[in-house]
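Visitor: Next come a sequence and a model predicted from it.
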Amino acid sequence: MSQPLAGKVALVTGGSRGIGAAIVRRLSSDGATVAFTYSASGDKAKAIVDDIEAQGAKALAIKADSGDPKAVQDAVEKTVSAFGGIDILVNSAGILLRGTVDDFPLEDFDRMFAVNVRAVFAGAQAAARHMKSGGRIITIGSVVAERSGFPTASVYSMTKGAVAAMTRGLARDLGPRGITVNNIQPGPTKTDMNSDEASHEMLKQVIALGRIGEDREIASFAAYLASPEASFITGASLTIDGGYLA
Ligand SMILES: NC(=O)c1ccc[n+]([C@@H]2O[C@H](COP(=O)([O-])OP(=O)(O)OC[C@H]3O[C@@H](n4cnc5c(N)ncnc54)[C@H](OP(=O)(O)O)[C@@H]3O)[C@@H](O)[C@H]2O)c1
């Protein structure tokens, strides 16, 4: 099997479940040595490390709450000391706290911005210090940056709009060093964050392909962007949504 990421070191935030976990597994099977963070799901994180080690590869799970920028920066440093550098950072950790504008708690606003936005910047800043030309920074944004689609997600949508804007800014800052920065915007994807069967039935009606996305489909796109094949893509927010926006 071809291993386009052989010799590369990756850090994935929020790699214990869902899209992040699929990305951890995919980057590892593509040859990268992968570290990943988790905050609550220690057992799931350990199971992923065990699976990867059973395949004869190395992996490292790091407990780091993305709400704390220092924890994210430390995770970058732990990755570098364990594996000798960092070539790929994937920011996948994210939370969705819903509510309409009427009574949305400002504590939830701050928490969502801390995890979905500030941690992305803090991680990129820490990782970029170690990255060489060819480095890759990939964030999992969301299609809600383009279209809200339903009530109760104004703040979540704002965080994903912020990472799209940040992606363009970071691409400009880091382009001269040969580091690419991109933002993947998934549509509805089956994970714990998006597991309600009734809303899936409604969403299928407005998705061109008539189904919800799978975490491995998002992981496959992330693996492509992480690979040398994607060397001329930067500053882009790329939608992967089965035609939800079409
Ligand atoms: N599913 C969708 O339909 C969809 C669509 C568009 C975009 N997205 C985005 O895709 C990303 C992954 O979402 P998902 O659907 O895979 O969500 P998920 O199933 O809820 O998984 C979230 C992951 O993020 C980690 N995480 C959450 N809060 C964290 C924190 N404070 N610090 C560190 N890690 C944290 C979780 O780890 P622990 O359990 O260990 O805390 C878990 O590994 C998010 O950025 C989300 O906004 C999802």
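Guide: Thanks, I have it. Only a predicted model underlies this, so the values are computations on that prediction, with no experimental measurement involved.

Visitor: how much space between the residue lying farthest from the centre of the chain and the ligand?
Guide: Centroid-distance maximum for the chain: residue 102 at 29.9 Å, with C-alpha atoms, centre = their mean. Look at residue 102 and the ligand: by C-beta to the nearest ligand atom, to the nearest Å, they are 23 Å apart. Placement of C-beta: from N, CA and C, glycine included.

Visitor: And for residue 85?
Guide: From residue 85 to the ligand the distance is 22 Å (C-beta to the nearest ligand atom).

Visitor: Skip the chain neighbours and tell me the closest residue to that residue.
Guide: Nearest-residue entry for residue 85: residue 9, 5.4 Å, with adjacent residues in sequence omitted and distances by C-beta to C-beta, 6 or more residues apart in numbering.

Visitor: Burial check on that neighbour, number of neighbours?
Guide: Counted with other C-beta atoms under 10 Å, the neighbours of residue 9 add up to 23.

Visitor: contacting residues around it?
Guide: The contact partners of residue 9, taken as C-beta atoms under 8 Å, 6 or more residues apart in numbering, are 32-35, 79-80, 83-88.

Visitor: out of the residues you listed, which is most surrounded?
Guide: Within these, residue 34 tops the neighbour count with 32 neighbours, counted by other C-beta under 10 Å.

Visitor: Just checking stretch 67-79 against the ligand, any contact.
Guide: Yes: contact between stretch 67-79 and the ligand, assessed by C-beta under 6 Å from any ligand atom, occurs at residue 67.

Visitor: State the mean pLDDT of that stretch.
Guide: If you average the pLDDT over stretch 67-79, you get 98.

Visitor: Keeping just the C-alphas, turn that stretch into PDB.
Guide: The C-alpha coordinates for stretch 67-79 follow below in PDB (Å, rounded to 0.1, in the frame of the first residue of the first chain):
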ATOM      1  CA  GLY A  67     -10.100  25.500  26.100                       C
ATOM      2  CA  ASP A  68      -6.700  26.100  27.600                       C
ATOM      3  CA  PRO A  69      -4.300  27.500  25.000                       C
ATOM      4  CA  LYS A  70      -1.300  26.500  27.100                       C
ATOM      5  CA  ALA A  71      -2.400  22.800  27.000                       C
ATOM      6  CA  VAL A  72      -2.600  23.000  23.200                       C
ATOM      7  CA  GLN A  73       0.900  24.600  23.000                       C
ATOM      8  CA  ASP A  74       2.200  21.900  25.400                       C
ATOM      9  CA  ALA A  75       0.700  19.200  23.100                       C
ATOM     10  CA  VAL A  76       2.700  20.600  20.200                       C
ATOM     11  CA  GLU A  77       5.900  20.500  22.300                       C
ATOM     12  CA  LYS A  78       5.200  16.900  23.500                       C
ATOM     13  CA  THR A  79       4.700  15.800  19.900                       C
END
